[in-house]
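[1] what shape does this take:
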Amino acid sequence: MRRCAVSIGANIAEGSARKSDRDFARFVQIAFASASELEQHLLLAVDLEYLSREHHARLVASVDEVKRMLIGLSRRLTADGRRGTAR
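    The predicted model follows:
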């Protein structure tokens, strides 16, 4: 779970260093996938009783918020007229 969480920020940082918004958007999608992977690990943790349902609900709400922000960033980066443009 720690690797998934770290991967989200790391992919955003790596993508922001790319030369085009299109490349950046690709890394934002990878970050989104890492957030989805984290959700799965959280579900497994609660199923295996490593995590309480209450704590799980709070963590999933945080991951959902991050995923919504990533979707917004991705949409901004891939808006018409901005595809593949150098920054």
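
[2] and after the longest helix along the chain, which helix or strand comes next?
    Scanning the chain for the helix with the most residues, using DSSP state H, yields helix 21-47. Going down the chain from helix 21-47, the next helix or strand is helix 53-77, by DSSP states H and E.

[3] elements contacting that next one?
    Contact analysis of helix 53-77 by 3 or more C-beta pairs under 8 Å, 6 or more residues apart in numbering; DSSP states H and E lists helix 2-16, helix 21-47 as its packing neighbours. All C-beta spots, glycine's among them, are computed from the backbone N, C-alpha and C.

[4] just the angle between that helix and helix 2-16, please?
    Calculated by axes from the mean of the first three to the mean of the last three C-alpha atoms, to 10 degrees, helix 53-77 forms an angle of 10 degrees with helix 2-16.

[5] got the buried residues for helix 53-77?
    Across helix 53-77, burial judged by 16 or more other C-beta atoms under 10 Å covers 56, 59, 63, 66-67, 70, 73-74, 77.

[6] residues contacting it, please?
    Defining contact as C-beta atoms under 8 Å, 6 or more residues apart in numbering, one finds that helix 53-77 is touched by 8, 12, 21-22, 24-25, 28-29, 31-32, 35-36, 38-39, 42-43, 45-46, 51, 82.

[7] could you check the angle helix 21-47 makes with it?
    Relative orientation of helix 53-77 versus helix 21-47 (the same axes, to 10 degrees): 170 degrees.

[8] ok, the spatially most central residue of the chain to residue 56 distance?
    The residue lying closest to the centre of the chain (C-alpha atoms, centre = their mean) is residue 32, at 3.0 Å. Note on residue 32: its distance to residue 56, by C-beta to C-beta, to the nearest Å, is 20 Å.

[9] ok, the residue nearest to residue 9 when sequence neighbours are not counted - contacts?
    Closest residue to residue 9 apart from its sequence neighbours, by C-beta to C-beta, 6 or more residues apart in numbering: residue 31 at 7.7 Å. Counting by C-beta under 8 Å, 6+ apart, residue 31 touches 7-9, 11-12, 15, 70.
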